[in-house]
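Chemist: Give me a 3D structure for the following:
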Amino acid sequence: MSTIGAYFRLARVGWVLVREGVVSALPTQDLPPAVGILKSMLEPLTRFRAKKQPRSERLTRAVGRLGPSYVKIGQFLATRPDVVGVDWAVDLAMLQDRMAFFPTDAAKTAVETSLGRPISDLYTSFEEPIAAASIAQVHPAEVNGKKMAVKVVRPGVRQRFANDIEGMYVVARMQERLMPSSRRLRPIEVTRTLEQTTKMEMDLRLEAAALSEIAENTADDPGFRVPEVDWERTGRDVITMEWIDGAKMNDVPALRAAGHDLEKLAEVLIQSFLRHTLRDGFFHADMHPGNLFVERDGTIVAVDMGITGRLGKKERRFLAEILYGFITRDYMRVAEVHFEAGYVPAHHDVAAFAQAIRAIGEPIHGQPAETISMARLLALLFEVTDLFEMQTQPQLILLQKTMVVVEGVSRILNPRFNMWKAAEPVVGLWIRDNLGPKRIASDLKDGMKAGLKLAEALPEIAAKTETLHRELVHMSEHGLRFDPETADAIGKAEARHSRSGRVALWIIAISLVVIAFAVV
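Modeler: From the prediction side, this is the model:
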C-alpha cells in the first residue's frame, strides 16, 4: 500500500516539475523516442513565465514548492554529477537550504522530550530561531552566562522524508528496468545511500559525535577547529554547541576589514581538508561558505557536521596514487590503479584506458595551475569512466564534490589561487609516508593483526564448517524440507500478498474513475 501512495506522491511531483518548466529543460538524448514525444505533449502545460527563466531558477522554485525532503534530495543529487550530469549537479548545488521557521514552542517541546528535562533547567535563556533548514533550525541560547547554539530537528520531518524516499525507490527501480545503460550508476544503491545519510543527519547525536571526532583529529592542526559540543544538552533531536562569532568565508569585505590574509586563509582551508581526507580518512563533506567562519585570530571554524565522508586506508592509497600519477604524467600507473581497485571492469584494456586518461591529463599540464578548474576536470573524468563502464564509487564522488566546493571557496578568497601548489606539502608528506618504506612496515603490521584475528577465530570457523558439512550431507540424503511452521508462514504471506494486490488494483481503478469524472 505504501507503494501506491508513492505513485500518487510522484504524480504530484511530476505535475510541479511540468508546471515549473523543469521537465521541458530535461535532455532526451539517449532516451527512447517515446520520452521525447511525451515531453512534447507536456510542453503546453508549462507556465508561460517559467519558459522565460533560466533552468536553475525553474529548478529552485520547483524544489521549493515540493518541500524540505526534496530540498535535501536535490542537495544530495548535487553531489552525484555521475548520476544527474555535471550541468544539473551545478544547478542543484545552488539550492538554498533555507526554510520557514517552525514555532519556538514546538522547538522547546522537542528539546524537552529529547532530553527529558524542562527548558528552564537546561538553559538560562532560549531565544527565537535565527536560521532554518530542511531538517532543523538553530536557536541562540545561554548556559551559565555562555552563549550557545541549539540545533533542533524539524517536527514531522522523519515521516515526511520516509514517504518521499519511497517515491525515489520507485523511480530508481523504473530507471534500472527501462534504462539498462544506467545500471552501472546503481540508482537503487544511490537512493539507499541517500536514505542512510539523511537518517543519520536527522540523529543529532551522530553529528555531535562527528564534531567530537574531528576535534580530536585536528587538535594540533594550525588554523582550523570545530565547535565544542555540550553533551549534557545533546540528544537525538537536539544538539547544543559553542556559539561561533566570526565572518563567513564568502564575506570578502568583512574578512578584509578584519585584517585577514585572504591568500593564507585559502591555503589553510585546502590543506586542512586534505589532512582530514588523507591522514584521518574522515572529512566534513558539506564545506560550503555558509558552514565556514573565520574568527578574529584567523582560525577557520567549520560548523554543521551533518554530512561527513570516510575513506579507508586502501581507498586513500589509491586516491594518492591517482593524484600522483596525474602530477607526474604516469597515465599507465593511473590506469593500473583503477583496475587494481576494481573501479573499471577487468575485461577492458588497460592501455586503452591509459590513453583516455592521457586525454584528460595532458591539457592540464598545458595550463597554468591557477586556471585549472576541478569541476571541468571531473566532468572530463566522468565522460571517460562512462566509456569504460566504471561503476559508481559513492565515497569517492562525495570526496570529489567536496573538493570542488572547497576549491570554489578558496577561489572566492583568491581568484588566482593555485590549489596544486597549496596542496603539495600535505599530499607530498602523505605520499612519502604511505607509498614509500613506511608503507611496507604499515602493511606488515596490519597483516600481523589480521593473522592474529584469524588464528583466534579458527576454532569457531572449524566448528561452523563441521556443522555445515553435516547439514549438507543430511540434505543430500533426505532432500530439503520445511518444518510445518515455516510452510504455514509462507502460505499466509502469499495470501496476504494476493489480497493486497487485489486491493491495490481496486484503489487504482477507483482513482482513475474519480479523475475521469473530475476532468469531465
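
Chemist: Low-confidence ranges, the stretch 151-300 of the chain, go.
Modeler: Under the criterion of pLDDT under 70, the regions of the stretch 151-300 of the chain flagged as low confidence span 181-182, 184-185.

Chemist: Just the helices from it, written as ranges.
Modeler: In the stretch 151-300 of the chain, the helices defined using DSSP state H, counting those that start in this stretch lie at 157-178, 187-201, 204-217, 252-257, 262-274.

Chemist: CA atoms only: put the shortest one into PDB for me.
Modeler: If I follow you right, that is helix 252-257. Presented in PDB, the C-alpha positions along helix 252-257 are these (Å, rounded to 0.1, in the frame of the first residue of the first chain):
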ATOM      1  CA  VAL A 252      35.300  39.100   1.500                       C
ATOM      2  CA  PRO A 253      34.700  42.700   2.500                       C
ATOM      3  CA  ALA A 254      34.200  41.700   6.200                       C
ATOM      4  CA  LEU A 255      37.400  39.500   6.100                       C
ATOM      5  CA  ARG A 256      39.400  42.300   4.600                       C
ATOM      6  CA  ALA A 257      38.000  44.800   7.100                       C
END
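
Chemist: list the buried ones in it?
Modeler: Taking 16 or more other CB atoms under 10 Å as the neighbour-count basis, helix 252-257 is seen to contain the buried residues Leu255. All C-beta atoms are positioned from the backbone trio N, CA, C, and that covers glycine.

Chemist: show me where the stretch 51-200 of the chain has strands.
Modeler: With DSSP state E, counting those that start in this stretch as the definition, the stretch 51-200 of the chain shows strands at residue ranges 125-126, 131-132, 136-143, 146-153.

Chemist: For stretch 274-294, list every residue counted as buried.
Modeler: 274-288, 290-294.

Chemist: likewise stretch 183-195?
Modeler: Of all the residues in stretch 183-195, those buried under the rule 16+ other CB under 10 Å are 184-188, 190-195.

Chemist: Let me have the residues you listed in TSV, adding distance to Lys453 as columns.
Modeler: Written out in TSV, the entries for the buried residues of stretch 183-195 read as follows (distance: CB to CB, whole Å):
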residue	distance to Lys453
Arg184	34
Leu185	35
Arg186	31
Pro187	36
Ile188	33
Val190	33
Thr191	34
Arg192	29
Thr193	29
Leu194	34
Glu195	32
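
Chemist: quick one: which of those residues is nearest Arg61?
Modeler: Distance to Arg61, by CB to CB, is smallest for Leu194 among the buried residues of stretch 183-195, at 22.1 Å.

Chemist: what residues are up against the nearest residue to that closest one once chain neighbours are set aside?
Modeler: For Leu194, ignoring the flanking residues on the chain, the nearest one in space by CB to CB, 6 or more residues apart in numbering is Phe76 at 4.9 Å. Under the criterion of CB atoms under 8 Å, 6 or more residues apart in numbering, the contact partners of Phe76 comprise 194, 197-198.

Chemist: Closest one of those residues to Pro180?
Modeler: Top of the list for closeness to Pro180, among the contacts of Phe76 and by CB to CB, is Leu194 at 22.1 Å.

Chemist: Correct me if wrong: that closest one contacts Gly167.
Modeler: No. In this structure, Leu194 sits apart from Gly167 without contact. The criterion is CB atoms under 8 Å, and the distance is 11.9 Å.

Chemist: coming back round to it: farthest pair in the buried residues of stretch 183-195?
Modeler: For the buried residues of stretch 183-195, with distances taken as CB to CB, the pair at the greatest spread is Arg184 and Glu195 (20.6 Å).

Chemist: just flag whichever of the strands of the stretch 51-200 of the chain has the lowest average confidence.
Modeler: By mean pLDDT, the lowest-scoring of those turns out to be strand 131-132, with a mean of 87.

Chemist: strands paired with that strand, and their directions?
Modeler: Paired neighbours of strand 131-132 in the sheet (DSSP bridges): strand 136-143 (antiparallel).

Chemist: Please name the nearest non-neighbouring residue to Ile214.
Modeler: Spatial nearest neighbour of Ile214, excluding adjacent residues (CB to CB, 6+ apart): Val226 at 5.2 Å.

Chemist: How about Glu43: what's its closest non-neighbour residue?
Modeler: Ser24 (5.6 Å).

Chemist: Tally up the residues packed near the one you found, please.
Modeler: The burial count assigned to Ser24 is 18, neighbours taken as other CB atoms under 10 Å.

Chemist: try Arg19
Modeler: Counted by other CB under 10 Å, the residues lying close to Arg19 total 18.
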